[in-house]
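> Okay, sequence plus prediction incoming.
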Amino acid sequence: MGAGQAFDAVIDSPVGRLGIQMRGKALSRLLFLSGRYGLIEADSDQASHVVSSLEAYFENPRQVADVDVQLCGTPFQRRVWQGLCSIKPGKIMTYGDLAARLSSGARAVGNACRSNPVPILIPCHRVVAGSGLGGFAGDSHGRLVSVKRWLLQHEGVEIGGRHPHIRAG
């Protein structure tokens, strides 16, 4: 994201700064930002609602956000994103399992997840590799994979060994 990127709000969160972009009254992008971006108060009621929904999720991961989203993507990407929304907080699915559900391939599902314009709210972090955590937002290691790990732990998914799993209790 270039330094001239316009945001309707920039907030601090447990996973770092988040940039919110609206298209009309709907959320169009949610971006993970570096700390060099300054905080920006929400500039509309709709952006304030997105901020409140994110804050509620970070307080209670079972809190399902009711946010209007306007997505730009291919028909396949939209199908994958819709499939992601069916994975409940605290649950995970492998790329292969989601691909089988969509009659597609795991790599294609991974690419659609990478293109997800509204991570967290469209929960691509709930999709993991068959052999471990997998990547997140186009990164195979580093800060964004740490964000994925945090989000899953926040939802009660135990990250350890080769395979993430749901904590009992």
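Done, it's in. Fair warning: this is a prediction, and the values are worked out from it, not measured in the lab. Numbers count the residues shown, from 1 in each chain.

> Please, where are all the strands along this protein?
Counting by DSSP state E, the chain has strands at residues 9-11, 17-23, 26-33, 93-94, 127-128, 157-158, 165-166.

> could you dump the ones you listed to TSV with mean neighbour count and distance to S52?
Every C-beta, even on glycine, is put in place using the N, C-alpha and C of the backbone. Formatted as TSV, these follow (neighbours: other CB atoms under 10 Å; distance: least, CB to CB, whole Å):
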stretch	mean neighbour count	distance to S52
strand 9-11	20	10
strand 17-23	20	11
strand 26-33	19	12
strand 93-94	18	28
strand 127-128	26	26
strand 157-158	18	25
strand 165-166	12	28
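
> wait, which of these is closest to V80?
With CB to CB as the criterion, V80 lies closest to strand 127-128 of the strands of the chain, at 9.1 Å.

> ok, back up a step: where among the strands of the chain is average confidence lowest?
Per-stretch mean pLDDT for the strands of the chain is lowest at strand 165-166 (a mean of 58).

> in the protein, which segments are predicted with low confidence?
Along the chain, the parts satisfying pLDDT under 70 run over 1-5, 160-169.

> the domain parsing of it - what is it?
Here the domain parsing of the chain from automatic domain parsing is 9-59, 75-166.

> Tabulate these (TSV), appending distance to A65.
Conversion of these to TSV gives the following (distance: least, CB to CB, whole Å):
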stretch	distance to A65
domain 9-59	4
domain 75-166	5
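
> Compare those domains and give me the one nearest D66.
domain 9-59 (6.9 Å).

> The helix ranked longest in the chain packs against which elements?
Determined from DSSP state H, the single longest helix within the chain is helix 45-59. Using 3 or more CB pairs under 8 Å, 6 or more residues apart in numbering; DSSP states H and E, the elements in contact with helix 45-59 are strand 9-11, strand 17-23, strand 26-33.
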